[in-house]
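**Student:** I'd like to go over a predicted model; first the sequence, then the structure.
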Amino acid sequence: MSNLAKTLFNDQVRSVQTLCLNPCLDIAVSAPDLVIGDLNLYESLTAQPGGKGLNVAAHLSKQGINSSTFLAMPETSRGFSNAFADARFGACEYRVPGKLRINIKVNVRQEDGNMVMTEINGTGDRIDSDTAAGLVDMLIHSAKISNVLVLSGSLLPGIPADIYSRLSKSSHEANGITVLDASRAAMKMAINAGVDAFKPNLDEFRQLTGLPCDTIEQVARTSELYCRSKACDLILCSLGNRGAVITDGERTYFSPVPDPDATIVNLTGAGDAMTAVLAAFASTTPLNQRFGEYVENCEIAELLKIAMANAQATVRLPSNEVPSQDQVLSWLPQVAVRPI
Ligand SMILES: Nc1ncnc2c1ncn2[C@@H]1O[C@H](COP(=O)(O)OP(=O)(O)OP(=O)(O)O)[C@@H](O)[C@H]1O
Ligand SMILES: [Mg+2]
């Protein structure tokens, strides 16, 4: 095991809190021979709690890193809480009116024999401004005592888009560390306010920069500019089956997907696997040190390798499973990293 991997899995000094401000019930149906407009029987069906903050907490928990999750939980929660009661991370629920959204994934066999997934997602019921204000107040307060705050995922309609930027400011006032994995307005506002670590995918990076970022080179150079402008100290930009780029503004590395043509079992939460590695790394930052200083003395090439290994292990497991530490480590020798 590399030194960084040892540190990351064993030397947690800061607590981690993840947010789940638009949780969902993920229903995956396998109906290989589905006929549209006919009565079909499904081959298998799973229903499990979903949401980025929850995914990140599940990864951390499986790898022995302690975290807690804050959920904005609709009154009609469809058994959600029971479904993750066995997880090792603690969860705090803030009740909001409305019904939990449901995301449906239907897997059907194509003519060439491969399965293809069609997704039908819900947006979540809108919450009223008083409820939203109460939720924001509570989170701002808790950000002031949190050490690593993972700002990830979408927001229930009615939650103001500046919530991640406000939380990031509060967290920084208390020497906290923020890890951002969001999109659209909430992401842009948080980056304007400044975060510590940032994990966009290519689409999110395009939304932020307004640039096509078609080449890895352009992703690398543009990410460097964001780090140098102090929008964040570390960017890990994931590029789907092309791999990922990491930079702290001075050092920049690229890692390709080891075997891009291999059959992938599940792509859900591949990016969350990387965000979890950034959060795990952030949790090892000494309490008296700023994240930016800590990053300067760390092998970010190795960090990219571990993040890629976690993503590779994740995409090869069914969607309700997160990899163990051994499964992640077994991918390390296959992940290549080079300066770019
Ligand atoms: N088709 C693929 N084959 C192999 N690995 C993949 C594939 N797609 C994604 N990955 C792995 O997962 C990582 C993250 O993927 P991606 O950029 O799609 O994240 P994301 O869009 O943030 O995902 P999420 O749905 O979790 O938000 C990639 O860097 C890569 O390591
Ligand atoms: Mg993502």
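**Tutor:** Yep, it's here. Numbering: from 1, shown residues only. Ligands and ions are numbered 1, 2, ... in the order given.
**Student:** rest of the way, CA atoms for contacts and neighbours
**Tutor:** Noted.
**Student:** for the residue most central in space within the chain, what are its contacts?
**Tutor:** In the chain, the residue lying closest to the centroid (C-alpha atoms, centre = their mean) is D272, at 2.9 Å. By C-alpha atoms under 8 Å, 6 or more residues apart in numbering, the contact set of D272 is 52, 55-56.
**Student:** Could I get those residues in JSON lines, plus columns for distance to N288 and secondary structure?
**Tutor:** What follows is those, written out as JSON lines (distance: C-alpha to C-alpha, whole Å; DSSP: H, G, I helix; E, B strand; the rest coil):
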{"residue": "K52", "distance to N288": "29", "secondary structure": "helix"}
{"residue": "N55", "distance to N288": "29", "secondary structure": "helix"}
{"residue": "V56", "distance to N288": "25", "secondary structure": "helix"}
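**Student:** circling back: report the secondary structure state of the residue nearest to the centre of the chain.
**Tutor:** helix (DSSP: H, G, I helix; E, B strand; the rest coil).
**Student:** Closest one to E43 out of the contacts of D272, please.
**Tutor:** Set against E43, the nearest of the contacts of D272 by C-alpha to C-alpha is N55 (25.5 Å).
**Student:** Next, the buried residues of the least confident helix or strand in the chain by mean pLDDT.
**Tutor:** The weakest-scoring helix or strand in the chain, judged by mean pLDDT, DSSP states H and E, is helix 80-83 (a mean of 74). Neighbour-count burial for helix 80-83 flags F80 (criterion: 16 or more other C-alpha atoms under 10 Å).
**Student:** Let me know the pLDDT of R78.
**Tutor:** The model reports R78 with a pLDDT of 86.
**Student:** From N22, how far out is the residue nearest to G124 when sequence neighbours are not counted?
**Tutor:** Nearest non-adjacent residue to G124, counting by C-alpha to C-alpha, 6 or more residues apart in numbering: R101, 4.9 Å away. Distance, R101 to N22, by C-alpha to C-alpha, to the nearest Å: 8 Å.
**Student:** More neighbours: which of these two?
**Tutor:** N22 (25 against 22; other C-alpha atoms under 10 Å).
**Student:** so that one sits right up against G51, yeah?
**Tutor:** Yes. Between N22 and G51 there is a contact at 6.7 Å, judged by C-alpha atoms under 8 Å.
**Student:** intersection of neighbour lists for the two?
**Tutor:** Contacts common to N22 and G51, judged by C-alpha under 8 Å, 6+ apart, are G153.
**Student:** Show me the strands in the chain, by range?
**Tutor:** For the chain, the strands defined by DSSP state E cover 16-20, 24-30, 44-50, 67-76, 90-99, 101-109, 115-120, 148-152, 177-181, 197-198, 234-238, 244-247, 252-255, 338-339.
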